[in-house]
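Visitor: sequence? don't have it. structure:
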Ligand code: ARG
C-alpha cells in the first residue's frame, strides 16, 4: 500500500492535467497542478492557496450546514452563499404577512438579523493523511470483514482527532474508493443569522424551467453572519454573542470578467463517481433514474397544485418541493446525457482494457466477473428499492410513520421503560417537525398515487404479503384509482399521528397495540418490514461486493500504464476541493454558440408578469428599466452582468462556492451546472461541462440598489 501511495502522489504530480477536469485536494496540489494553475493565470503562491500555519484562501471557505459551501467576505463574519442554500431558513423565517421569501430581506443593523436555527458552518482546520495507518490495519481483509473493520477504525480515528470542548470534530473520508484515507478536521459554529436575501423572483428567477440550464438569469445568493461567544470560541445562539472574527476573508472584485479569465472554485463537492462501471451506468439508465423521475413527477404534481393555490401552503412546502424538483430534473437530464454521450459503450471499452491488463493478476482478474454476479443478484430488486424510497416513503406521513418502528421495537423488545421513554421522546421531537411541515391535502393524494404505482410496477412476488389483498377486500378493485383514494381517506381520517391529542397520549403512554392498529403505521410498516426482511440483506450484500470491486478496479487503474491518459484526483466526498479553469462559453449543439455571460437585458426578456417563475419584483424591474446600475455596470456591455459560466469541475455541494480570480478576489458564486453536462457525476466533458455563476456585481447591486443595505456593502473589501 505504501508503494501505491507513493505512486499515487507521483501520478498526481507527474501527468499534465489538461485543466478543467479535476476537484483537487488543496493539501495535495502537486507541482504540476499548481504550475498549470499558474499557466492559466494564477498569481497566488501555493501558501496563499492553502496553509495550515498562515491564513490562506481556504480559511475563508466554509462548509455551510453540511450541504452547501459559503465564503467569509468581511472581518465581521459575513457569509455569502446561494439563495437555494439559505432557502429553507428564509422560508422558515417567513409568514404570509411578513414574506421574506417573496419580498426579500435586508438587515440594516446587526440587531435586525434573524437567527437561523439549525444552520451552522464549519471551518476546515487541517487535513491528515492516514492512509498508512488504515491500510496497516486492513491488510489482508476483504469484503464485509474489511468493510466492518474500516467502519470501526474510522470511528476510532474520528474520535482521536476531535475535541468537543472546542467544537472540533474530525471526519475520515475514504478517497479513491477506499485506496486512500484522509482525516478532515473541522471547527463548527452554530450561531448563524440571516442578514440578507433578495426577493425570490431574483434568487430563484426562472424556477425549475431554468434550473440546470444556461443561458441563466438568476440572482442565486443570500447573506448570513456567523457569531461566536465573547471568549472567541464557538457557542450556541445567544444575544450576547459577537460577530465571528475570521482568520481570513475574501476581497471582492467588481472589475468584471471576460472570456478566458482565470477562475478558481473552492468548495465542498458532494459526490462524483468518475470510475463508475458500465454495470452502474446501465443500472442508472434502465432502472434507477427513470423510476426516481417518474415517482417524483407524481409527488411534485400534487405539491405544486396546492402551492400555487395558497401562499401559506407555498411557504410550508417550498423548501422540500425545491429539493425534490431539483433532483427530479437532474436525474432526468443525467440519464439523457449519459445516453447522448454513449457513456455505457465508452465504459465498456475502458473495462476491456482493464480486463486485458488484469489477466494473470490474481488480485484483479476476477473484478468484473464478481461485479457481473453482484449486479445479476441485485438487479431484480433494484426497482423495488427506488419505489420504497421515492414512492411509498415519498409520502411524508408514511416517512414519519416508518420511523416509529423504533418506538415499536423499544416497547416490544425490552419492556425497559428507559428505552421506551427515549424512543418516544425522540419520536415526539420528530413529530413536531413532521406536523409543522405536513400538508394533508397533497400528502393524501401522493399516498394514493404511489400505492397504486407500486402495485402496478413492482413484481407481485415482491409485494408485502397480504397488503394489497386486504386493500382489495376493504376498498375495491386494485386497478381503480378510486380504491387507493378511499384507502388514503381512511388513513388520513383516522391515524392518530395527525391528531395532537391522541399523539400526546401515545407519547405519555406508548402502547404497541395502539401503534400497530394505526392505519398509517401499519401501512408503512408493511412495506418497510417486507423490504427489510427480504431485500435489505441483498442490498447490503450488493453494496459490499460493488464497493470491493470498485476499490480493486481503481487500485488497478492506479497501477496501469494507460493511467497517463487520465488526470487523477479522488472522487468528490463532501470534502474541500479546488478546481481551476477559465471563463468560457460553449457550443451546446450544431450551429449554436453560447456567450459566457448573461445580462439584465435577458432578465427583462424572460419577464412574464404574474408568472410563477418569471415574474419580477417591481423594484428590480424599475431599476433595470432605468438602467440604474451604479458602479456595478459592465462598461463594455453597458448593462448589468447577471450570470457567467466557467469550465470548472464542480458538483452538488459546491453550491455557494466562491469563484475566485487570479489575484484571490471573489468574482462570483457558483450555483449550478448546465443541462448538456448533467452526466458530470460520471464523466467530465471538456466541450460541454460548465459551472454557472452569479456575477458578484449583480450580488452587490441587489444588496446595494435593490435592498438599500449600504451597511453590508461597507463591510466588504471592494477591489475596483
Ligand atoms: N440546480 C441547483 C443546484 O443543485 C439548484 C438550483 C435551485 N433552483 C431551483 N430552481 N430549484 O445546485
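Guide: Sure thing, it's come through. Keep in mind it's a predicted model, so treat the numbers as computed, not measured.

Visitor: up against the ligand, what does the stretch 151-300 of the chain have?
Guide: With Cβ under 6 Å from any ligand atom as the criterion, the stretch 151-300 of the chain comes near the ligand at residues 204, 207, 208, 211, 212. The way it works is simple: take the backbone N, C-alpha and C, and place the C-beta from them, glycine included.

Visitor: the residue nearest to residue 162 when sequence neighbours are not counted bridge partners, please.
Guide: Excluding the flanking residues, the one nearest residue 162 by Cβ to Cβ, 6 or more residues apart in numbering is residue 169, at 4.4 Å. Applying DSSP bridges to residue 169 gives these bridge partners: residue 186.

Visitor: quick check: residue 169 touching residue 158?
Guide: Yes - counting by Cβ atoms under 8 Å, residue 169 touches residue 158, with 7.2 Å between them.

Visitor: spell out which residues of the protein are next to the ligand.
Guide: 84, 204, 207-208, 211-212, 322, 325-326, 652, 655, 671-672.

Visitor: widest-spaced pair of those residues?
Guide: 207 and 652 (18.1 Å; Cβ to Cβ).

Visitor: which of the two has more neighbours?
Guide: Just comparing residue 207 and residue 652: by other Cβ atoms under 10 Å the higher neighbour count belongs to residue 652, 21 against 17.

Visitor: and the more buried one, what does it touch?
Guide: Each residue near residue 652 by Cβ atoms under 8 Å, 6 or more residues apart in numbering is listed here: 269, 270, 271, 330.

Visitor: could you pull up phi and psi at it?
Guide: phi -50, psi 130 (degrees, to the nearest 10).

Visitor: re earlier: among the contacts of residue 652, name the buried ones.
Guide: Neighbour counting over the contacts of residue 652 (16 or more other Cβ atoms under 10 Å) leaves 269, 270, 330 as the buried ones.

Visitor: separation between the residue of the stretch 501-650 of the chain found nearest the ligand and residue 41?
Guide: Residue of the stretch 501-650 of the chain nearest the ligand, by Cβ to the nearest ligand atom: residue 613 (8.1 Å). Counting by Cβ to Cβ, to the nearest Å, the separation of residue 613 from residue 41 is 37 Å.

Visitor: same check, this time on residue 602
Guide: Residue 602 is 28 Å from residue 41, by Cβ to Cβ.

Visitor: and residue 689, by the same measure?
Guide: In terms of Cβ to Cβ, residue 689 sits 19 Å off from residue 41.

Visitor: these two - which one has more neighbours?
Guide: residue 689 (25 against 16).

Visitor: got phi/psi on the more buried one?
Guide: phi -70, psi 120.

Visitor: enumerate every residue touching it.
Guide: Applying Cβ under 8 Å, 6+ apart, the residues contacting residue 689 are 20, 21, 647, 649, 673, 674, 677, 680.

Visitor: next one, pLDDT for it please.
Guide: Note on residue 689: pLDDT of 97.

Visitor: rewinding a little: would you list the residues of the chain next to the ligand in a markdown table and tack on distance to residue 192?
Guide: Putting the residues of the chain next to the ligand into a markdown table (distance: Cβ to Cβ, whole Å) gives the following:
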| residue | distance to residue 192 |
| --- | --- |
| 84 | 16 |
| 204 | 21 |
| 207 | 26 |
| 208 | 27 |
| 211 | 25 |
| 212 | 27 |
| 322 | 20 |
| 325 | 25 |
| 326 | 22 |
| 652 | 21 |
| 655 | 16 |
| 671 | 19 |
| 672 | 23 |
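
Visitor: list the ones among these that fall in strands.
Guide: 671, 672 (DSSP state E).

Visitor: from the residues of the chain next to the ligand, keep the buried residues only.
Guide: 84, 204, 207-208, 211-212, 322, 325-326, 652, 655, 671-672.

Visitor: and residue 79, which of the three is it?
Guide: strand (DSSP: H, G, I helix; E, B strand; the rest coil).

Visitor: related to what we said a few turns ago, which member of the buried ones among the residues of the chain next to the ligand is positioned nearest residue 523?
Guide: residue 325 (25.9 Å).

Visitor: quick one, what contacts that closest one?
Guide: 208, 211, 296, 300.

Visitor: same thing but 7 Å
Guide: The contact partners of residue 325, by Cβ atoms under 7 Å, 6 or more residues apart in numbering, come to 208, 300.

Visitor: of all the contacts of residue 689, which two lie farthest apart?
Guide: Across the contacts of residue 689 (Cβ to Cβ), the longest gap, 15.2 Å, separates 21 and 674.

Visitor: what comes up buried for the one helix or strand residue 713 maps to?
Guide: Assigned by DSSP states H and E, residue 713 belongs to helix 710-715. By neighbour count with 16+ other Cβ under 10 Å, helix 710-715 contains the buried residues 711, 712, 715.

Visitor: so which elements touch that helix?
Guide: Packing contacts for helix 710-715, counted by 3 or more Cβ pairs under 7 Å, 6 or more residues apart in numbering; DSSP states H and E, involve no helix or strand.

Visitor: can you show me the helices along the stretch 101-250 of the chain?
Guide: 131-138, 143-160, 200-203, 207-210 (DSSP state H, counting those that start in this stretch).

Visitor: check contacts around the nearest residue to residue 574 once chain neighbours are set aside.
Guide: Leaving aside its sequence neighbours, residue 574 sits nearest to residue 270 (Cβ to Cβ, 6+ apart; 4.9 Å). When the contact criterion is Cβ under 7 Å, 6+ apart, the partners of residue 270 are 572, 574, 651, 652, 653.

Visitor: what residues does the third one make contact with?
Guide: By Cβ under 7 Å, 6+ apart, the contact set of residue 651 is 269, 270, 272, 572, 680, 681.

Visitor: great, nothing more from me.
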